[in-house]
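J.: Structure, please.
(one chain, ligands or ions: 1)
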Amino acid sequence: MILDWSGLESLLRDAGHSLYGGEAISQLEHALQSAECAERDGAPAALITAALLHDVGHLVAGQGDDDLADGIDDRHEQTGVAALRELFGDDVLAPIALHVTAKRYLCGVEPGYLADLSEASRLSLALQGGVMAEPEAERFGRNPHAVAAIALRRWDDEAKVVGKTTPGLDHYLTIARRAAHTRAGALQ
Ligand SMILES: [Fe+2]
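T.: Below you'll find the predicted structure:
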């Protein structure tokens with residue numbers, strides 16, 4: 001599925017009704033909380049947009065609430081990037097593509113990171129390839145998009161607060177339209 005703006009907007013609005021796999025909040029709440037964390041930390045429009053849309057692949061793939069428990073990895077980071085390719089450039093897409101790898105990286109290099117993950121996140125880690133070992137971690141650290149992907153990953157981890165109030169979807173879609181088709185800061 002390739003998304004246009006109206007398809008993206010309706011997918012996100014419908015996500016208010018689907019749970020974020022294994023967590024106690026909806027996919028839309030998780031998306032808005034992620035974007036709010038990025039905005040709070042002064043991220044550029046492209047990275048706020050990446051935070052908002054990092055789990056769109058779950059929605060495109062129609063992730064079931066029991067998929068994790070059933071041992072299914074829907075490879076949502078790849079599905080999401082494929083669906084968003086017409087709308088955004090690499091400054092939005094690369095952090096989305098790498099946010100799962102960034103979790104494996106942080107588990108490998110940061111003491112205590114793994115222990116602090118939510119239960120659902122620990123469960124999916126095993127399906128996603130497990131803790132990253134040294135040679136791969138060194139390679140990942142050299143990726144030009146690693147810093148953005150790691151920042152996104154930390155907002156993702158933080159964005160699971162039940163009942164938190166955030167700005168609405170319209171606010172973040174306005175930011176997303178600013179980030180559309182900008183290449184690596186060209187229009188920032
Ligand atoms: Fe997420």
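J.: for residue 24, what are its contacts?
T.: The contact partners of residue 24, taken as Cβ atoms under 8 Å, 6 or more residues apart in numbering, are 160, 162. In this view, the C-beta of every residue, glycine as well, is placed from N, C-alpha and C.
J.: List the contacts of the host helix or strand of residue 48.
T.: Residue 48 belongs to helix 45-53 when elements are defined using DSSP states H and E. Helix 45-53 is touched from outside by 8, 31-32, 34-35, 37-39, 43, 80, 84, 88-89, 91-93, 95-96, 148, 151-152, 155-156, 159, 172, 175-176, 178-179, 182, 185, 188, with contacts defined as Cβ under 8 Å, 6+ apart.
J.: ok, of those, which come out buried?
T.: For the contacts of helix 45-53, burial is judged from neighbour counts taken by 16 or more other Cβ atoms under 10 Å, and it is met by 8, 31-32, 34-35, 37-39, 43, 80, 84, 88-89, 91-93, 95-96, 148, 151-152, 155-156, 159, 172, 175-176, 179, 182.
J.: just these that are near the ion?
T.: Among the buried ones among the contacts of helix 45-53, the ones lying close to the ion by the criterion of Cβ under 5 Å from the ion are residue 156.
J.: Could you pick out the residues of the chain near the ion for me?
T.: Within the chain, the positions adjacent to the ion are 55, 156 by Cβ under 5 Å from the ion.
J.: any idea how far residue 180 is from residue 5?
T.: Between residue 5 and residue 180 the distance, using Cβ to Cβ, to the nearest Å, works out to 8 Å.
J.: and if you look at residue 54?
T.: On the measure of Cβ to Cβ, residue 54 and residue 180 end up 16 Å apart.
J.: Which one's more surrounded, these two?
T.: Using other Cβ atoms under 10 Å, the more surrounded residue of residue 54 and residue 180 is residue 54, with 31 against 17.
J.: can you pull the contacts of that one?
T.: When contacts are taken as Cβ under 8 Å, 6+ apart, residue 54 is in contact with 31, 34, 77, 80, 95, 96, 99, 152, 156.
J.: Check which helix or strand the last one maps to.
T.: When elements are assigned from DSSP H and E, residue 156 belongs to helix 146-158.
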